[in-house]
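Student: 3D model of this:
(chains A and B)
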Amino acid sequence: MTANEPVMAGLPHSEQDRSDPVLRAGNTNCGGCGMSNGHLFMSRAAGNDYQIQMVIPACCGIVTPGQFPYSNYGVPVVASTFGGAAAVACGLSEVANQNDDGYRVVVWAGDGGTYDIGFATMSASAERNDDIMYVCYDNEIYGNTGGQRSSATPKGASTTTTPKGKDVGKKDIMGILGAHGIPYATTISLAHPEDAIRKFKKALGMKGFRFVHILAPCPTGWKSEPGEGIEIVRLGVKAGLFPIFEIEDGFKYTINVEPEMCDESLGDYLSKQGRFRKSGVTVADLRESIDRYWRRLRLLSRDE
Amino acid sequence: MSRQLISANHAAAEAATMAARANKNARGFASGIYPITPQTECIEYLAKQEIEKGAVVRVESEHSAMGVCIGAALSGARTFTASASNGLSYMVENIATAGFYRLPILMYAVNRTLGPPWNIWVDHGDTFQLRDAGWMHVYCEDNQEVMDSILFAYRVMEDARIMLPMMVCADAFVLSHTMMMTDMPTQEQVDAYLPDLNLPHAVASEPVTVGGLDFPRETEVHRRQHQEAFDRVPEVYAEAQAEFEKVFGRKIPDRVVPYQMDDAEIAIVCIGTFASTVKPVVDKLRKQGIKAGLVRLRMLRPFPEQEMVEILSGVERIGVMDRDISLGMGGVLWSETRGCAPHAIMQNYMIGLGGGDVRAGHIETIFTELLEQKESGKPRIVEVG
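Tutor: Next up is the predicted model:
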């Protein structure tokens, strides 16, 4: 990759980036995949300051590197079993630390591997405060198997296993991770690169269990335009649907991006995605639960 | 060298601890541990040890216990875990991963009946379900063999020609909780016996992906290479035996352990502690002029077919004792052994299933029936009550 080649909107590849990006050109990700942007943010945040070892359970992210023996990742990657990522990462980080290697061990998992099958393993790792950075790129479906519902799928979204639209909402994963009292948990918006890169830098530099939650558009599953993924995330943040905040040590809540809580954005968020069409879920259907979540977030983030 | 009255569970943990310490000048040691009867005392013992450059991670499931070992092994560390029965079933996915990743992970497996209904006693069905997971399997007869086999296993597994995981198996309670006088190795001996682990495919900073995508043509090659590693086991096994005797002054049993087989006309084939029950019966029959013998299969994978064929070549009648049942087929040991002695009258006895107490009297009945048998019969379940 040559210097100043634009790799994401407004953020050219430059001297401060890793000489070998985390995600290399030629990978198999779909156009408009939010995971790709997540990798680029992490790549920039790591720069050449951190040596990363990545553990990826079954998900699109482990198809990304391509066929053996090639790899489209610029960092070493271990493919773990679907539910086993945090445990494998724990083994890598224990040994790296007892040998003073300085490696930063990162789990890169989808919502299936985080909210569902890997949930107990991740919870146990958080409870032990393993020295790993756990990144969940949440596209709100089992994308790699063609779009089935997970416990991260939002209410009203059609998937191949909820053809009429899901009738319950998604798990509050940030609330759950916050309740573990881990050093750091944060959400990241792909539409807010400065905030995102700051958070990746912060998380990479910390010890203990850090959780990073990315809302990652999946044009295939969301039935959305590949070029509109970032805009869709921006609308979700604006509407208050995807709150951008961080939790330190399980109690210190900080809201990083103030939403406008506007219905127009929420309406656009829904209408830009075909997955909400069949259920006919409306702004009014979602507004109450969004407001309720924010009332709680305001209380938790109150400066005392 | 000292002698100690020690259970197999503690012997296993003690051996693992010494092996862990022996790798301190390399990448150290890590273990994921989770309790399950009847191996719990093993991981409790391990959790009490202070191991320089060693981590014992108390995980939330057997699946994660093996997960931690996989990560640690890929980072170049020596690893160990223990499990049994349903714990092994829960762990299966990661057990297969350890096999396919060619990681020299050691598992102390205590053979216990698979539930439900819940039964904590000995049955070999739990590790036999892992026969095809790409691991070496060894089954022990006493506590000394458990302790020695674990040290021996590291030497074989970590040989550059092998790089395969191994499970060292012990019968529930008969060994796991039974105290036996055991020769304890010294740390100096273990240090001398076990070279530093150097995993050729350890993950460091090189941007490789371990376990990405295989197409059929890659899988064909990976399976062939995996099989070739198994094919090299007999050679490495023999070298590690010789070295073991040099360092510790004791012998590691062969992959097949014959007893009174030189001129045997009738023989029992079995694994594990059954052998200790069969031996006195063989002695008794010999005194009566019956040329009886015993074959203990110590290593199930790689299967020592050549040795079995040679040892069983002159035997006319063979009784295979299985403490397991492959439902819809018969005993696993029987179906594995059948091809080794097509000339013989062979009868399968599935006996002591679920930990039933198999005594000398049962073995005598088997020999008596077998002596009168005209042809090989269908596998039979023998209820010992």
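
Student: elements contacting the strand ranked longest in chain A?
Tutor: Ranked by residue count and defined by DSSP state E, the top strand of chain A is strand A:103-110. Contact analysis of strand A:103-110 by 3 or more C-beta pairs under 8 Å, 6 or more residues apart in numbering or on different chains; DSSP states H and E lists helix A:34-46, strand A:51-56, helix A:85-98, strand A:133-138 as its packing neighbours. All C-beta atoms are positioned from the backbone trio N, CA, C, and that covers glycine.

Student: just want the angle from that strand to strand A:133-138.
Tutor: For strand A:103-110 against strand A:133-138, the angle by axes from the mean of the first three to the mean of the last three C-alpha atoms, to 10 degrees is 20 degrees.

Student: let's see strand A:103-110 as CSV, backbone CA atoms only.
Tutor: Written as CSV, here are the backbone C-alpha positions of strand A:103-110 (Å, rounded to 0.1, in the frame of the first residue of the first chain):
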residue,chain,number,x,y,z
TYR,A,103,2.3,-9.0,22.5
ARG,A,104,-1.2,-7.5,22.7
VAL,A,105,-3.6,-10.4,22.4
VAL,A,106,-6.8,-9.4,20.6
VAL,A,107,-10.0,-11.5,20.2
TRP,A,108,-11.9,-10.5,17.0
ALA,A,109,-15.3,-12.1,17.2
GLY,A,110,-18.7,-11.5,15.7
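
Student: got a list of contacts for that strand?
Tutor: The contact list for strand A:103-110 (C-beta atoms under 8 Å, 6 or more residues apart in numbering or on different chains) reads A:39, A:42, A:46, A:50-57, A:59-61, A:85-86, A:89, A:92-93, A:96, A:118, A:122, A:131-139, A:142-144, A:204, B:205.

Student: I'd like to know which elements the following helix or strand past that strand is packed against.
Tutor: Note on strand A:103-110: by DSSP states H and E, the next helix or strand toward the C-terminus is helix A:111. Packing contacts for helix A:111, counted by 3+ C-beta pairs under 8 Å, 6+ apart, involve strand A:133-138.

Student: residues touching the strand it packs on, excluding its own?
Tutor: A:34-35, A:38, A:42, A:61, A:86, A:89, A:104-111, A:113-115, A:122, A:125-126, A:152, A:173, A:203-204, A:209-216.

Student: angle of it against strand A:51-56?
Tutor: Going by the same axes, to 10 degrees, strand A:133-138 makes 50 degrees with strand A:51-56.

Student: mind giving me the domain split of chain B?
Tutor: What automatic domain parsing lists as the domains of chain B is B:2-248, B:256-382.

Student: pick the most buried one from those.
Tutor: Comparing the domains of chain B by mean neighbour count (mean count of other C-beta atoms under 10 Å in any protein chain shown), domain B:2-248 ranks first with a mean of 21.

Student: host element of the spatially closest residue to B:Leu103 that is not a sequence neighbour?
Tutor: Spatially, and ignoring its direct neighbours in sequence, B:Leu103 is nearest to B:Ala73 (4.0 Å; C-beta to C-beta, 6 or more residues apart in numbering or on different chains). Using DSSP H and E, B:Ala73 sits within helix B:62-74.

Student: sheet-wise, list the partners of the longest strand of chain A with their directions.
Tutor: strand A:51-56 (parallel), strand A:133-138 (parallel) (DSSP bridges).

Student: so how far is the first one off the chain centroid?
Tutor: A distance of 15 Å separates the centroid of the chain from that of strand A:51-56, by C-alpha atoms, centre = their mean, to the nearest Å.

Student: noted, bye for now.
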